[in-house]
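any chance you could fold what I've pasted below:
(one chain, ligands or ions: 1)
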Amino acid sequence: MELCVALEYYSRRLIRAINTSYHKVHNHNQHTTQHLTITKVLLMDITSFLKDNNLSVPFFVLSSIFFLLLVVKLAKPTSSKKLPPGPRGLPIIGNLHQVGDRPHASTAKFAKEYGPLISLRLGKQILVVASSPDAAREILKTQDRFLSSRVVPTAFQQPSLIPHSLIWSDCNQTWKGLRTLCRTELFSAKALESHSRLREQKLGHLVDFLHKNQGQVINLEDVVFITLFNTLTSIIFSRDFLDLKDVHGTRDGLNESLHKIIEYGGIIKDFGIRKGTMKQYNKTFAYWEDIIEERRAHVNSPTWSSENAESFLDRMLENGFSNDQINQLVTELFVAGTNTTTSSVVWAMTELVRHKEVIFKIAEEIKREINTDKISDSHLSKLPYLQASIKEAMRLHPPVPLLLPHMAAETCEVMNYTIPKNSKIFVNLWAMGRDPKVWDDPLSFKPERFIGSKIDIKGQDFELLPFGSGRRTCPRMPSGIKSVQLILASLINDFDLVLPNNVDPMKLDMSDKFGIALKMEKPLKELFVAGTNTTTSSVVWAMIELVRHKEILFKIAEEIKREINTDKISDSQLSKLPYLQASIKEAMRLHPPVPLLLPHMAAETCEVMNYTIPKNAKILVNLWEMGRDPKVWEDPLSFKPERFIGSKLDIKGQDFELLPFGTGRRMCPGMPLGIKSVQLILVSLINEFDLVLPNDVDPMKLDMSDKFGIALKMEKPLKVIFKSKD
Ligand code: HEM
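Coordinates of the predicted model:
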């Protein structure tokens, strides 16, 4: 009987212990909870049974063993933890058919149904996908040590490649060595600074090329890719390999091989592509093999000293790299670097073309903060609105939408689920960037959301990780960011970007195509029309009229002196100069910079002044003729700014006799900026210089013929001598 009492005592202690653990696990794991409840009921039953029946010692021993077994089972709660939830799959293939060709979008859909951490089965492989900032933090920070191995895409599963790989190795000694070499020789602050000259030089080539080809339709992705590729080959081999001139043809040679390697890397299911990848690898190797041999001879010569190193290649050779190792690392840098950066530029530019008001704000910021023709690395920190726009584009279109595939080196726990060893892991940046729980109005492009916000793209803020975070974070992040900023700032500063065939920017096809980098399904083609060209043309025509009409030039100079009288003229003072404004209107009346507007096209057949304009007809509005029409203007061929003094006629699209910027839905969106620029340049020149024609040319005998183009130019360029006013 005493034993029975003791037994009852122990049983009650056990029940209390179970009750405590029940409350601890209740919220997390239903499975364990069920076990605990059953055990609790059993214990209660047995206790009362023993008590009621006054049973003896053998029974006590047996039942104690039984309790012990139960307690031991319950003491191992982790073994019963489950995989993250996910959709039910088919036998053998699992969820492969549900993942499809746009895994970022399909897994985002599952996340909506099953939560921020889901699991799927791709054949035998378990795939875990994180789609919230908390889940991303757990994977890339808390469990970074165990979840940073790699799953190698089929294309790169080559026994000869993996041992030397930076991207596809697990976090082993090879990987550490390669990352250290790249960090010190390629990605350090010192290296970045010395590469900035190369970056600016290649960008200069791009800008020159676009100036030469302005008005032609250009595939933005191709020219940006070539520019970035040449920047990288200059850093690695001190040489360019691709030529912008080839951009109009089909991709061939090295360009084609690189694109194929990149394309194969993104293919998920096709097992036949390994051979194809190796073939393209060998083709690319052939392009730099000779250079490697030549530099190896230098590095191995007895006179070699480390200070002679000219390029990253020399550093690899100094570190004893074999040809295979060099080829492997170099190709990986090209694959990881050029495509991601190109994709960042193209997506950002696409959003900017769709949001003209953002481009103007950036253009104004550049003008206000930098105000030079050539933007360099050192200017970039002064452009917070540009930076905010790039963050916003990367939020909506992360160039590597699922990061590169991670793999679990050990079984571990994330958000109370088990991630088994060897699981493949994606962090779905694309889903997080579009999640209304994370971002307000997530599908709108609004750079303003980052103004005054501390959220950055450098891997500390888990809602925005375009470069990843933790030990696998992109090692070239600082230069990636700078390249994107520099290219965008330069293109915006130098050009107006116009879509060919009057395509409505809001109707651009924004579909994406999954690969190592997320690309646009249909490449963005743009006309690079120098914004500076239309503005330049306005300034030059106004100036030539002023040189021909000294009395007007003089009146403007007096107005500036009287109304402003400072050495440095700013935007805000321009409204005090009505005579200057009248002179600019008058110059634009006689010499409209875009004389026929940009060609419109009839989307539908319609009637104008009782005539039919058939669908697809091209439509020109002849501003040049209207500006010289005596039915519209008195004494139209004379240059008389006075006609606008006291008149309400303006150039802002309300007065149909004077439309230098057009009107209606296709009106020049850059009008305010254009007007201000022309005014400011003229004021500064008139204020600071006397303008004299060379060789004592009589201004009234200047050749005023024009040359038709997107902007109407002078046939013979105006040459003037600027003499500083003392
Ligand atoms: C805007 C441009 C770029 C973006 C958005 C970007 C993004 C990324 C991302 C998301 C990862 C994977 C992180 C992870 O798996 O957790 C990555 C890895 C990597 N990136 Fe970048 N990247 C850019 C530019 C570059 C450039 C210019 C280079 C080199 C020339 C480069 C070299 C690499 C390498 C070698 C890795 C693999 C690192 C490793 O596995 O340890 N990236 N990048």
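
next, the distance between the ends of stretch 430-443.
11 Å (CA to CA, to the nearest Å).

report the buried residues of that stretch.
430, 431, 432, 433, 434, 435, 438, 439, 442 (16 or more other CB atoms under 10 Å). For the C-beta atoms, the positions are set from N, CA and C on the backbone; glycine is no exception.

is that stretch anywhere near the ligand?
No - Stretch 430-443 does not reach the ligand (CB under 6 Å from any ligand atom); its nearest approach is 11.5 Å.

quick check: which element contains the nearest residue in space to residue 100 that is not next to it in sequence?
Spatially, and ignoring its direct neighbours in sequence, residue 100 is nearest to residue 106 (5.1 Å; CB to CB, 6 or more residues apart in numbering). Using DSSP states H and E, residue 106 sits in helix 103-114.

now do that helix, average pLDDT.
Averaging pLDDT along helix 103-114 gives 95.

need the contact partners of that helix.
By CB atoms under 8 Å, 6 or more residues apart in numbering, the surrounding residues in contact with helix 103-114 are 84-87, 98-100, 118, 120, 129, 131-132, 268, 401-402, 426, 428-431, 434, 514, 518.

now do the buried residues in the helix or strand hosting residue 264.
Element membership of residue 264, judged by DSSP H and E, is helix 253-265. Buried positions in helix 253-265, judged by neighbour count with 16+ other CB under 10 Å: 254, 255, 257, 258, 259, 260, 261, 262, 263, 264, 265.

how close does the residue nearest to the second one when sequence neighbours are not counted get to residue 109?
The shortest distance from residue 255 to any residue that is not its chain neighbour, by CB to CB, 6+ apart, is 5.7 Å, and that residue is residue 242. Distance from residue 242 to residue 109, counting by CB to CB, to the nearest Å: 39 Å.

neighbour-wise, which of those two wins?
More crowded of residue 242 and residue 109, by other CB atoms under 10 Å: residue 242, with 19 against 12.

who's in contact with the more buried one?
Residue 242 sits next to 226, 229, 230, 254, 255 when contact means CB under 8 Å, 6+ apart.

try it again with 6 Å
226, 229, 230, 255 (CB atoms under 6 Å, 6 or more residues apart in numbering).

so can I have TSV of the buried residues of stretch 430-443 showing secondary structure?
Formatted as TSV, these follow (DSSP: H, G, I helix; E, B strand; the rest coil):
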residue	secondary structure
430	helix
431	helix
432	helix
433	helix
434	coil
435	coil
438	coil
439	coil
442	coil
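
residue 92: how many residues sit nearby?
9.

between the contacts of residue 242, identify the one with the most neighbours.
Among these, residue 226 has the most neighbours (other CB under 10 Å), with 25 neighbours.

roughly how far does it sit from residue 375?
20 Å.

report the contact partners of residue 198.
Per CB under 6 Å, 6+ apart, neighbours of residue 198: 231, 234.

and it, how far is that from the ligand?
As judged by CB to the nearest ligand atom, to the nearest Å, residue 198 and the ligand stand 13 Å apart.

which bits of this structure sit near the ligand?
Residues of the chain found near the ligand (CB under 6 Å from any ligand atom) are 166-167, 179, 232, 332-333, 336-337, 340-341, 344, 399-400, 403-404, 466-468, 472-476, 479-480, 484.

take those and keep only those in helices.
Mapping the residues of the chain next to the ligand onto helices (DSSP state H) picks out 179, 232, 332, 333, 336, 337, 340, 341, 344, 479, 480, 484.

returning to that earlier point: for the ligand, state which of the buried residues of stretch 430-443 is nearest.
Checking those against the ligand by CB to the nearest ligand atom gives residue 430 as the nearest, at 11.5 Å.

tell me the average confidence for the helix holding residue 264?
Rounded mean pLDDT across helix 253-265 is 82.

could you do stretch 352-360 as well?
Stretch 352-360 carries an average pLDDT of 87.

repeat for stretch 121-136
Mean pLDDT, stretch 121-136: 95.

how about that stretch: buried residues?
Of the residues in stretch 121-136, 121, 122, 126, 127, 128, 129, 130, 131, 132, 133, 135, 136 count as buried by neighbour count, 16+ other CB under 10 Å.

quick one on the thing from earlier: please report how far the residue nearest to residue 255 lies from the ligand.
16 Å.

got the phi/psi numbers for that residue?
Residue 242 adopts backbone torsions of phi -120, psi 160, taken as degrees, to the nearest 10.

so what's the residue count around the closest residue to residue 186 other than its chain neighbours?
Closest residue to residue 186 apart from its sequence neighbours, by CB to CB, 6+ apart: residue 312 at 5.6 Å. Taking other CB under 10 Å as the neighbour definition, residue 312 ends up with a count of 23.

do I have it right that residue 312 meets residue 238?
No - counting by CB atoms under 6 Å, residue 312 stays clear of residue 238, with 9.2 Å between them.

skipping its backbone neighbours, what lies nearest residue 264 in space?
Sequence neighbours aside, residue 155 is the residue nearest to residue 264 in space, at 3.9 Å (criterion: CB to CB, 6+ apart).

okay, that neighbour: pLDDT?
Predicted confidence (pLDDT) for residue 155: 81.

measure the residue in the stretch 301-450 of the chain that the ligand sits nearest to to residue 402 for me?
Closest to the ligand within the stretch 301-450 of the chain is residue 337: 2.8 Å, counting by CB to the nearest ligand atom. Residue 337 is 18 Å from residue 402, where distance means CB to CB.
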